[in-house]
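Novice: generate coordinates for the sequence data below:
(2 chains, ligands or ions: 2)
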Amino acid sequence: MESNVIYLDNNATTMVAPEVLQAMMPFFMERYGNPSSMHDFGGDVARDVENARHSVAQMLGADYDYEIVFTSGATESDNMAILGTLQYYRDKKHIITTKVEHPAVLNLCRQLEREGYSVTYVPVDREGNLDLDFLFDSVTQDTAIVSVMYANNETGVIFPVEEIGAFCKKRGIPFHVDAVQAIGKIPVDVNKIQCDLLAISGHKFHAPKGIGVLYVRRGTRMRPLLYGGHQEKARRPGTHNVPGIIGIGKAAELVMQHLANKDEVERIKRLRDKLEDGLLSQFANAHRNGNRDRRVDNTSNIGFEFIEGEAILLYLNEKGIAASSGSACSSGSLEPSHVLRAMGVPFTSAHGSIRFSLSRYTTEEEIDYTLNIMPEVVNQLLEISPYWDSKNKKGKLIGELAR
Amino acid sequence: MWEYTDKVKELYKNPKNVGEIPDADVVVEVGSIVCGDALTLYLKLDNGKIVDAKFKTFGCGSAIASSSALTEMIKGKTVEEAAKITNKDIVEFLGGLPDQKMHCSVMGQEALEKAIKKIKGQSVEDEHEDEGAIVCQCFGVSENLIRRVINENNLTTVEEVTNYTKAGGACGSCIPKIEDIIKEELNKVKEKQDAEVAAKPMSNLKRMQLVEETIQNVIRPVLLRDGGDIELIDIDGKKVYVALRGHCANCVISDVTMKNLVQEKLHEYVEHDIQVIEVK
Ligand SMILES: Cc1ncc(COP(=O)(O)O)c(C=O)c1O
Ligand code: FES
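Specialist: Ligands and ions are numbered 1, 2, ... in the order given. So this is what the prediction gives:
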């Protein structure tokens, strides 16, 4: 590890891999040319950009390198996918997405509703699984696009994008996948999914922040969000973020190596399970949010009843552990996480839910340390909580759970 | 990450007065787990004095710190003295709170107020009637609380009210009601100011000064921008004689300009019954 903190917040962002940084370095001060230039100093860089594009295409199982469009990140990719499609199919005014999308999709859809679009938000069950039949039944003649995330950022729960892809293909509806939280954790293959569009973000898989990709299947009809130069075949104009592109290309290579290494993949899952099982067995007031088996291997979302998430995070922070919560206070809004509420997680624990997310750099010592620290943190907060009967070691909440 | 003061950090890390008082004279609860924060306050009294105060809190770091601050502030005070403490005092004690966390200090004040009512034997049972209607269903925030917080902290926007009380922070369906309340409260303040002004008749000298200033600094710049000008001819009591010059003088709407602009501005800045008369 490069820093002293125990970093269990890898769904928020990740460390840049040393190999990635190394690959990027020459492109700041030595090979800083513009890949669109006529001279070799710039033109040579274009070759590296295309190599990076090829690596990303390989990672996603894309047929053609030009299906990879570089963007500034997944927020842009998601917006570009949805808005670009709507701009093309101007007479269609219906969008299908889910209740648990990232704000990059959700807030865009809310805005589109204000502009006259109708949006169907497909619900999830108590374990965070998508109601597929609901989705299938929502499709109308007016549906312009279906946008569904591959894996949820808060719970890690994986959605059946392949089934949705097959359905959309049959019905001829453009299908966009937000694969930000799946990439690097499970194999992502655009042809198995049969999606038209797919968004990923570099900083979630050990490339730097500010570089993302939108996969655009050959022949997909859409209009650009930005107008300018001819870069990215005018689908996304603007001088290339060369260091970022080189970085995401290298990170894609590392992802392929990582996923091919079964032991390494298994190791992360084992550490996640060790942490989760350790917490669930230690605390009577703890439970898992999200389907145990149908989720990415690095994520664990634990709800602690009767104590509040931000307080837990602040106490963990004092102990040098970085995690996150979808709880009211830390996110700035006052409602608990929209994902947990969509799942129907009761307020008793929705406010006290903590997300631990590991990476391939997470070590067993770090998990052990966290398991050692947690009792101190949780018990201290239970002692302060008015909903905890410290004498009888149980919660004293009655009618309030419902809602 | 929130910008917490050192005092807040100190108090959530090592909160003082955590726990229950088994033989407490007063126990009150505010907030709920649904809302994301809740506080139970225990007080021990002796001869009208708060001799011990303890708390239990469900909530974020600043909720814990605010509760701890409250108990420290009221310990040793008489009930009368404690009754004067507002959420502002709690914020001050903590060296400040982030805007979005102001509601934590309000929760402390709410608990204290409820406790004092109980001590004074006022029934807390019919509190809903007492507190006025619930405006925000999501967080159970009453109209009275919203009005009080607006007044004590000079709030003017819905966002501020949400920061202080949480009302409006979830489904948002109460926002129009909050807007109405803010408007009403702002109007009350303005009416009060107007009443004060009306109660004190203005001297002629003062009025002349104000009229001149207003024409010079407020009205003229607007007219000049449109290619016109204004000249003050005379002031006789509440009658103000002016002449319009330049572009405006030939303009058919000069009368309208007069009434709508000059008079409006003089009403706003000087007195509400000034009469403007145009001299051709
Ligand atoms: C599922 C999902 N979609 C989109 C995004 C936004 O990505 P970016 O930070 O690259 O804009 C994130 C990152 O938080 C995410 O988790
Ligand atoms: S009623 Fe106030 S936020 Fe829902």
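Novice: make it CA atoms for all contacts and neighbour counts henceforth
Specialist: Fine.
Novice: may I see the buried residues of stretch A:189-209?
Specialist: Residues of stretch A:189-209 classed as buried by neighbour count (16 or more other Cα atoms under 10 Å in any protein chain shown): A:189-190, A:193-209.
Novice: what's the answer for stretch B:157-177, then?
Specialist: Under 16+ other Cα under 10 Å, the buried positions of stretch B:157-177 are B:158-170, B:174-175.
Novice: got the contact list for it?
Specialist: For stretch B:157-177, the external contacting residues (Cα atoms under 8 Å, 6 or more residues apart in numbering or on different chains) are A:333-335, B:99-106, B:135-141, B:146, B:149-150, B:155, B:178-179, B:182.
Novice: what's the burial count for residue 18?
Specialist: Just so you know, I chose chain A. 13 (other Cα atoms under 10 Å in any protein chain shown).
Novice: sorry, I should have been clearer: chain B.
Specialist: Close neighbours of B:V18, defined as other Cα under 10 Å, add up to 21.
Novice: ok, the one 10 residues further on next?
Specialist: Per other Cα under 10 Å, the neighbour tally for B:V28 reads 19.
Novice: please identify the helix or strand for it.
Specialist: If you go by DSSP states H and E, B:V28 is part of strand B:26-32.
Novice: and the following helix or strand past that strand, what does it pack onto?
Specialist: Under the assignment DSSP H and E, the closest C-terminal helix or strand after strand B:26-32 is strand B:37-46. Where contact means 3 or more Cα pairs under 8 Å, 6 or more residues apart in numbering or on different chains; DSSP states H and E, strand B:37-46 is packed against strand B:26-32, strand B:49-58, helix B:102-119.
Novice: hmm, 6 Å instead?
Specialist: Strand B:37-46 sits against strand B:26-32, strand B:49-58, with contacts defined as 3 or more Cα pairs under 6 Å, 6 or more residues apart in numbering or on different chains; DSSP states H and E.
Novice: deepest of those strands, which one?
Specialist: Of all the helices and strands packed on strand B:37-46, strand B:49-58 carries the top mean neighbour count, a mean of 24, counting by mean count of other Cα atoms under 10 Å in any protein chain shown.
Novice: show me how far it is from its chain's centre.
Specialist: 28 Å (Cα atoms, centre = their mean, to the nearest Å).
Novice: do that strand and chain A meet?
Specialist: Yes: with Cα under 6 Å from any Cα of the partner chain as the criterion, chain A is reached by strand B:49-58 at B:56-58.
Novice: could I get the residues you listed as TSV with distance to B:H267?
Specialist: Compiled in TSV, the residues of strand B:49-58 next to chain A are given as follows (distance: Cα to Cα, whole Å):
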residue	distance to B:H267
B:K56	54
B:T57	52
B:F58	52
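Novice: need the contact list for A:M80.
Specialist: Counting by Cα atoms under 6 Å, 6 or more residues apart in numbering or on different chains, A:M80 makes contact with nothing.
Novice: and the next helix or strand past the helix or strand harbouring it?
Specialist: Per DSSP H and E, A:M80 falls inside helix A:74-88. Sequence-wise, the next helix or strand downstream of helix A:74-88 (DSSP H and E) is strand A:94-98.
Novice: let me know whether that next one sits next to ligand 1.
Specialist: No: if you take Cα under 6 Å from any ligand atom as the test, strand A:94-98 misses ligand 1, and the best it gets is 11.8 Å.
Novice: that strand: how far from the chain's middle?
Specialist: Strand A:94-98 sits 18 Å away from the centroid of its parent chain (Cα atoms, centre = their mean).
Novice: try stretch A:299-306
Specialist: For stretch A:299-306 - counting by Cα atoms, centre = their mean - the centre lies 19 Å from the chain centre.
Novice: can you give the strand pairings for the strand holding B:V28, parallel or anti for each?
Specialist: Counting by DSSP bridges, the strands paired with strand B:26-32 are strand B:37-46 (antiparallel).
Novice: regarding B:A198, what is its secondary structure?
Specialist: Under DSSP: H, G, I helix; E, B strand; the rest coil, B:A198 falls in the helix class.
Novice: what pLDDT does residue 155 get?
Specialist: If you meant another chain, say so; for now it's chain A. Per-residue pLDDT puts A:T155 at 96.
Novice: correction: the question concerned chain B.
Specialist: Looking at B:L155, the pLDDT reads 92.
Novice: now it: closest residue in space that isn't a chain neighbour?
Specialist: Spatial nearest neighbour of B:L155, excluding adjacent residues (Cα to Cα, 6 or more residues apart in numbering or on different chains): B:V161 at 6.8 Å.
Novice: whichever strand or helix holds the one you found: how far from the chain's middle?
Specialist: Element membership for B:V161, per DSSP H and E: helix B:158-165. Remark: helix B:158-165 is offset 10 Å from the chain centroid, using Cα atoms, centre = their mean.
Novice: ok, now stretch A:76-92?
Specialist: Between the centre of stretch A:76-92 and the centre of its host chain there is 20 Å, according to Cα atoms, centre = their mean.
Novice: do the same with stretch B:233-248
Specialist: With Cα atoms, centre = their mean as the basis, the mean position of stretch B:233-248 lies at 39 Å from the chain mean.
Novice: circling back to that earlier point, is ligand 1 contacted by the helix holding A:M80?
Specialist: Yes: judged by Cα under 6 Å from any ligand atom, helix A:74-88 and ligand 1 are in contact via A:74-75.
Novice: number of nearby residues for B:K188?
Specialist: 12.
Novice: next up, phi/psi of it, please.
Specialist: Here is the backbone geometry of B:K188 (degrees, to the nearest 10): phi -60, psi -40.
Novice: can you classify the residue lying closest to B:I230 once chain neighbours are set aside by secondary structure?
Specialist: Excluding its sequence neighbours, the residue lying closest to B:I230 (Cα to Cα, 6+ apart) is B:L244, at 4.6 Å. Of the three states, B:L244 takes strand under three-state DSSP.
Novice: convert the C-alpha atoms of the helix holding B:V161 to PDB, please.
Specialist: Taking C-alpha atoms only, helix B:158-165 is exported to PDB below (Å, rounded to 0.1, in the frame of the first residue of the first chain):
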ATOM      1  CA  VAL B 158     -36.500  26.800   2.000                       C
ATOM      2  CA  GLU B 159     -33.000  25.400   1.800                       C
ATOM      3  CA  GLU B 160     -32.000  27.100   5.100                       C
ATOM      4  CA  VAL B 161     -35.200  25.800   6.700                       C
ATOM      5  CA  THR B 162     -34.300  22.300   5.600                       C
ATOM      6  CA  ASN B 163     -30.800  22.600   7.000                       C
ATOM      7  CA  TYR B 164     -32.100  23.700  10.400                       C
ATOM      8  CA  THR B 165     -35.100  21.400  10.700                       C
END
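Novice: any residue of that helix touching ligand 2?
Specialist: No: shown here: helix B:158-165 not in contact with ligand 2 (Cα under 6 Å from any ligand atom), separated by at least 8.6 Å.
Novice: so that helix versus helix B:102-119, what angle?
Specialist: For helix B:158-165 against helix B:102-119, the angle by axes from the mean of the first three to the mean of the last three Cα atoms, to 10 degrees is 50 degrees.
Novice: ok so, going back, where's the dip in pLDDT among the buried residues of stretch B:157-177?
Specialist: Of all the buried residues of stretch B:157-177, B:A170 has the smallest pLDDT value, namely 79.
Novice: please report how far it lies from B:G140.
Specialist: 11 Å (Cα to Cα, to the nearest Å).
Novice: A:G33 now?
Specialist: Distance, A:G33 to B:G140, using Cα to Cα: 60 Å.
Novice: ditto for A:F70
Specialist: Computed with Cα to Cα, the distance linking A:F70 and B:G140 is 47 Å.
Novice: those two: which is more packed in?
Specialist: A:F70 (27 against 17).
Novice: could you list which of the buried residues of stretch A:189-209 belong to strands?
Specialist: Mapping the buried residues of stretch A:189-209 onto strands (DSSP state E) picks out A:197-201.
Novice: and the strand holding B:V28, how far from the chain's centre?
Specialist: A distance of 25 Å separates the centroid of the chain from that of strand B:26-32, by Cα atoms, centre = their mean.
Novice: fine, thanks again, bye for now.
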